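Q: coordinates only, sequence not included:
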DNA sequence: GTCAATTCACATGAAAGAGACCACGGTCTAGTG
DNA sequence: CTAGACCGTGGTCTCTTTCATGTGAATTGACGA
């Protein structure tokens, strides 16, 4: 595009009416005025948290439900309201929301406590201090004045999976060390089985109260979308049936409202990019492809070189759709000698394969072939159409021929 | 034919090392009065 | 005398290796019918 062409493109872009009114409404972090179809849960959360307002420690709360079932939203919504009330009445109530999955922020015990302490305005170095010291600083910081602290730990299952459940034990016992302040914990988990796998002592104190968020059904998702469409899009932008289709797609896999909103947003972006002023049914299908492709590409790019090479080893065997650990390792070793990389041990490759499975790039099944041993049966779990793209990407990243 | 033992090819767990990053406290050094 | 440079020690964290143990069904081989 020539310089003139480019500037006229930008001008055209500026003058063209966007299909969006406010894209933020469709993003996960948006907290709407009202929360749909979650009244019983919000009610229960409110009842459990209400003692905060009298500076009494509320019960610890454990909230679980699949992704996109509104856990985070409901907890944030309720805690916002309670915070407003507390501020009006001048009650020293502090609420912190921490996502334990965030890499390099709160995914270890040290970082979690450090992050909490930072929320109170004390700078904590990202490394270098013993964990005990960080705890000590944390205690002295919060125990300076009388206050009630509510800590919301989102994706707490990820944290425990990574670092073990000691941290929860420590957290639930914090109150014994504190003289003035009190802490209550709200744990959110996507994993329904999570609570059954932790230490019983921790379990009893963490989940004094439990709330389950069931998946939304297609009609509920439709409602949620309809509520947000007028805020997010201009009038008459959304064609007939688009909302229904979005809802149906999202309900198909475990009623994920976040996914429905993302679909709608990406569909809007695609329509806009094609220069249309309405969002049509087929934009939803395109959006689904785009989201999946972007997700996979993003993950592949973010992988360390070794994982990329292992993934490439799997992809390069395109004629067979099932491949086993030993074969992958063979191919991988050969590729290593070709490229001059030092090969990882089979033990490590085994773990990398499990990680790639977790990321949803490949599907892995541990099977026993009787006399012929036990192995992982590996197949791809990304759509065929995007495989060439990934291969090209990996070849470029790894500078393979 | 039946049934327990064997065997394979890894899976899975635990521990520990390497290397990067960082804080802290003590010591040294150069500049200042 | 003091501020700043420098160094050693000890901490976290990620990625990885090493060593050890676990596992599930096809196969094998002994046994009895």
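A: Structure's in. What do you need? Computed from a prediction, not measured in an experiment: that's the story for all the values here.

Q: which element follows the lowest-mean-pLDDT helix or strand in chain A toward the C-terminus?
A: Averaged element by element with mean pLDDT, DSSP states H and E, chain A has its least confident helix or strand at helix A:3-15 (a mean of 78). Per DSSP states H and E, the first helix or strand lying C-terminal to helix A:3-15 is helix A:39-49.

Q: Show me what the following helix or strand past that following helix is packed up against.
A: Counting by DSSP H and E, the element after helix A:39-49 in chain order, helix or strand, is strand A:61-64. For strand A:61-64, the packing partners by 3 or more Cβ pairs under 8 Å, 6 or more residues apart in numbering; DSSP states H and E come out as helix A:39-49, helix A:71-88, strand A:182-189, strand A:209-212. Bear in mind the C-beta positions are built from the backbone N, C-alpha and C, glycine included.

Q: Minimum distance to DNA strand C: which of those has it?
A: strand A:182-189 (19.2 Å; Cβ to the nearest atom of the strand).

Q: Residue A:221 looks like it's in a strand, true?
A: No: counting by DSSP: H, G, I helix; E, B strand; the rest coil, residue A:221 is not found in a strand; it is helix.

Q: From residue A:272, how far out is the nearest residue to it once chain neighbours are set aside?
A: The spatially closest residue to residue A:221, leaving aside those adjacent along the chain, is residue A:247, at 4.0 Å (Cβ to Cβ, 6 or more residues apart in numbering). Distance of residue A:247 to residue A:272, given as Cβ to Cβ, to the nearest Å: 21 Å.

Q: Comparing those two, which residue is more hemmed in?
A: residue A:247 (26 against 19; other Cβ atoms under 10 Å).

Q: what packs against the helix or strand containing the more buried one?
A: Secondary structure from DSSP H and E places residue A:247 in helix A:242-252. Applying 3+ Cβ pairs under 8 Å, 6+ apart, one finds that helix A:242-252 contacts helix A:218-232, helix A:257-273, helix A:281-302.

Q: most packed of these?
A: helix A:257-273 (a mean of 22; mean count of other Cβ atoms under 10 Å).

Q: helices or strands up against that one?
A: Helix A:257-273 packs on helix A:218-232, helix A:242-252, helix A:281-302, going by 3+ Cβ pairs under 8 Å, 6+ apart.

Q: Format those as TSV; extra columns: mean pLDDT and distance to DNA strand B.
A: Output for those, formatted as TSV (pLDDT from 0 to 100; distance: least, Cβ to the nearest atom of the strand, whole Å):
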stretch	mean pLDDT	distance to DNA strand B
helix A:218-232	93	35
helix A:242-252	91	28
helix A:281-302	91	18
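
Q: Residue A:119: which of the ones you listed is closest?
A: helix A:281-302 (27.5 Å; Cβ to Cβ).

Q: List of residues touching that closest one?
A: A:239, A:241-242, A:245-246, A:249, A:262-264, A:266-268, A:270-271, A:308, A:311, A:359-361, A:382-383, A:385-386, A:389-390, A:393-394, A:397 (Cβ atoms under 8 Å, 6 or more residues apart in numbering).

Q: what's the answer for stretch A:371-378, then?
A: Contacts for stretch A:371-378 (Cβ under 8 Å, 6+ apart): A:314, A:322-326, A:328, A:350, A:353, A:362-369.

Q: Is that stretch in proximity to DNA strand B?
A: Yes: using Cβ under 7 Å from any atom of the strand, stretch A:371-378 reaches DNA strand B at A:371-376.

Q: Kindly report the same for stretch A:141-155.
A: No: Stretch A:141-155 lies apart from DNA strand B when judged by Cβ under 7 Å from any atom of the strand; the minimum separation is 13.7 Å.

Q: Now do the buried residues in that stretch.
A: A:141-142, A:147-155 (16 or more other Cβ atoms under 10 Å).

Q: And the helices and strands packed on helix A:242-252: which comes nearest DNA strand C?
A: helix A:281-302 (9.8 Å).

Q: how far is the closest one from where the chain is centred?
A: The chain centroid and the centroid of helix A:281-302 are separated by 16 Å under Cα atoms, centre = their mean, to the nearest Å.

Q: Downstream of that helix, the next helix or strand is which one?
A: Counting by DSSP H and E, what follows helix A:281-302 is helix A:305-315.

Q: So which bits of that next one are buried?
A: A:306-315.

Q: Just flag the most distant two among these.
A: A:306 and A:315 (15.0 Å).

Q: got a markdown table for the helices and strands packed on strand A:61-64, with mean neighbour count and mean pLDDT too?
A: Shown next, in a markdown table, are the helices and strands packed on strand A:61-64 (neighbours: other Cβ atoms under 10 Å; pLDDT from 0 to 100):
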| stretch | mean neighbour count | mean pLDDT |
| --- | --- | --- |
| helix A:39-49 | 17 | 95 |
| helix A:71-88 | 18 | 93 |
| strand A:182-189 | 24 | 92 |
| strand A:209-212 | 16 | 92 |
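
Q: now for the ones you listed, which one comes closest to residue A:277?
A: The nearest among these, by Cβ to Cβ, is helix A:71-88 at 30.6 Å.

Q: Report the angle between the closest one and strand A:182-189.
A: On the basis of axes from the mean of the first three to the mean of the last three Cα atoms, to 10 degrees, helix A:71-88 is oriented at 160 degrees to strand A:182-189.

Q: before we move on, back to that, in a markdown table: the helices and strands packed on helix A:257-273, plus distance to DNA strand C.
A: Converted to a markdown table, the helices and strands packed on helix A:257-273 look like this (distance: least, Cβ to the nearest atom of the strand, whole Å):
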| stretch | distance to DNA strand C |
| --- | --- |
| helix A:218-232 | 35 |
| helix A:242-252 | 31 |
| helix A:281-302 | 10 |
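
Q: how about those helices in CSV, adding distance to residue A:23?
A: Formatted as CSV, those follow (distance: least, Cβ to Cβ, whole Å):
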stretch, distance to residue A:23
helix A:218-232, 7
helix A:242-252, 16
helix A:281-302, 14
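
Q: what's the burial count for the residue in chain A that DNA strand C sits nearest to?
A: The nearest approach of chain A to DNA strand C comes at residue A:370, 1.5 Å away (Cβ to the nearest atom of the strand). When neighbours are defined as other Cβ under 10 Å, residue A:370 has 7 of them.
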